[in-house]
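Undergrad: got a structure for you, letters missing:
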């Protein structure tokens, strides 16, 4: 549920797409963020990378919930490449959440982000987090629901973008660290030019495009990529699933926009996310699930209650291994710190879901 966030008229965010109590000490004691560079064992050594999400255990045993985040400057990456300084926003999120961010997510569209930025990935790795990139085959400055023939799925399949894909794969292979790629998310909706129901695309082409991209990455030796298949909460189309051998993580994005955006109605997490989460797990039971790009507004209901409901549903589903919160204030305030009650609900819920 990509929020098109940018500067100026062409960069105006388009939020019209289908986005027991803890001890008092937890809220009063000074919290030391763990999102600082990892200690180096010896001079000149590289920081130890954060471990990636492990496969879902066959026993269904709960694993520690991994936390991820994207922030305003990282979400704007297709218009202005974020720098190491911008990770201060991630640090601020960690202070509010009282947890280290295991994953840091940003966006990269094919039109403007011509190369994989190894400096960005290294900066995230140095703080003990895993880079996660929403890699989008489109020109995001044109906005949602606008035809983009250049980025039809057939153009990916026929090799028109092969030079670009090969370049990214080579650069990721040269970087050498782990990278999580959330490729062409929300393919089951109509907002993006890679959706099969728009932009002149046809049924079956999404899977062909996905497999074409993965074949190139394998040929270039980019084997440390975790591939994330991420529909939006709603009707999931099984024919768009590339197959268990092609996907490492199943993900689901979605937002409670209340009366402000999207459906313009308040939808509890259980209602909006429960059925599609169950369906994802049924689709490939051995693959871990991520809540990828999630948030809620304050207006229209209780954001704190919505967050509590989210973590309650996560606890019921041990196959949900990770959560990426869209901690951005733009047309709506999705941040966990939008209110004291929301922040406290997030801290408490995250603690309980991570046991």
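TA: Perfect, thanks for sending it. What you are looking at is a predicted structure, and each value in this text was computed from that prediction instead of being measured.
Undergrad: From the chain's centroid, how far away is stretch 69-85?
TA: From the chain centre to the centre of stretch 69-85 is a distance of 13 Å (C-alpha atoms, centre = their mean, to the nearest Å).
Undergrad: average pLDDT for it?
TA: For stretch 69-85, the mean per-residue pLDDT is 97.
Undergrad: same thing with stretch 92-101?
TA: pLDDT averaged over stretch 92-101 gives 98.
Undergrad: What residues of it count as buried?
TA: For stretch 92-101, a neighbour-count test (16 or more other C-beta atoms under 10 Å) marks 92-94, 96-101 as buried. The C-beta positions use only the backbone N, C-alpha and C, and glycine is treated the same way.
Undergrad: So which of those residues belong to helices?
TA: 92-94, 96-97 (DSSP state H).
Undergrad: how long is stretch 306-326 end to end?
TA: End-to-end span of stretch 306-326 (C-alpha to C-alpha, to the nearest Å): 15 Å.
Undergrad: How about stretch 105-125?
TA: Note: stretch 105-125 ends 12 Å apart using C-alpha to C-alpha.
Undergrad: how long is stretch 227-238 end to end?
TA: Note: stretch 227-238 ends 17 Å apart using C-alpha to C-alpha.
Undergrad: mean confidence for that stretch?
TA: 97.
Undergrad: In this protein, where is pLDDT below threshold?
TA: 1-62 (pLDDT under 70).
Undergrad: Strands of that one, start to end?
TA: Taking DSSP state E as the criterion, the chain contains strands spanning 66-70, 103-109, 130-136, 179-183, 225-229, 249-256, 289-296, 320-326.
Undergrad: Mind giving me the packing neighbours of the last one?
TA: The elements that strand 320-326 packs onto, with contact taken as 3 or more C-beta pairs under 8 Å, 6 or more residues apart in numbering; DSSP states H and E, are strand 66-70, strand 103-109, strand 249-256, strand 289-296.
Undergrad: Burial-wise, tell me which of these comes out on top.
TA: strand 289-296 (a mean of 28; mean count of other C-beta atoms under 10 Å).
Undergrad: In its sheet, which strands sit next to it, and in what direction?
TA: Here strand 289-296 has these sheet partners by DSSP bridges: strand 249-256 (parallel), strand 320-326 (parallel).
Undergrad: Format those as a markdown table; extra columns: distance to residue 175.
TA: A markdown table is the format used below for those (distance: least, C-beta to C-beta, whole Å):
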| stretch | distance to residue 175 |
| --- | --- |
| strand 249-256 | 20 |
| strand 320-326 | 21 |
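Undergrad: Out of those strands, flag the one nearest residue 192.
TA: When these are ranked by proximity to residue 192, the top entry is strand 249-256, at 11.9 Å, counting by C-beta to C-beta.
Undergrad: relative orientation of the closest one and strand 130-136 in degrees?
TA: 70 degrees (axes from the mean of the first three to the mean of the last three C-alpha atoms, to 10 degrees).
Undergrad: for strand 249-256, the distance to its chain's centre please.
TA: Worked out by C-alpha atoms, centre = their mean, strand 249-256 lies 8 Å from the chain centre.
Undergrad: again with stretch 311-327
TA: Put simply, stretch 311-327 sits 13 Å off its chain's centre (C-alpha atoms, centre = their mean).
Undergrad: So for it, what gets flagged as buried?
TA: 311, 313-315, 317-327.
Undergrad: biggest separation within these, which pair?
TA: 318 and 327 (25.1 Å).
Undergrad: how much space between residue 290 and residue 322?
TA: Using C-beta to C-beta, to the nearest Å, residue 290 is found at 4 Å from residue 322.
Undergrad: ok, back up a step: output the helices and strands packed on strand 320-326 as CSV; include the columns distance to residue 336.
TA: Listed next are those as CSV, based on distance: least, C-beta to C-beta, whole Å:
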stretch, distance to residue 336
strand 66-70, 9
strand 103-109, 15
strand 249-256, 13
strand 289-296, 9
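Undergrad: Which of those strands sits closest to residue 198?
TA: That would be strand 103-109 among these, by C-beta to C-beta, at 16.8 Å.
Undergrad: Give me the angle between the closest one and strand 130-136.
TA: 20 degrees.
Undergrad: So which elements touch strand 103-109?
TA: strand 66-70, helix 72-75, strand 130-136, strand 320-326.
Undergrad: Contacts made by that strand with the rest, please.
TA: 2, 66-70, 74-78, 82, 87, 90, 120, 124, 127, 129-140, 180, 182, 292-293, 322, 324 (C-beta atoms under 8 Å, 6 or more residues apart in numbering).
Undergrad: same deal with stretch 235-243?
TA: 187-188, 196, 203-204, 206-207, 210-211, 214, 229, 231, 247, 276, 279-280, 283-284.
Undergrad: taking those one by one, which sit in helices?
TA: Short answer: those in helices (DSSP H) are 206-207, 210-211, 214, 276, 279-280, 283.
Undergrad: ok, the residue lying closest to residue 176 once chain neighbours are set aside - contacts?
TA: Leaving aside its chain neighbours, residue 176 sits nearest to residue 224 (7.2 Å; criterion: C-beta to C-beta, 6 or more residues apart in numbering). Going by C-beta under 8 Å, 6+ apart, residue 224 touches 172, 176-179.
Undergrad: Just the buried subset of those, please.
TA: The buried subset of the contacts of residue 224 - by 16+ other C-beta under 10 Å - is 172, 177-179.
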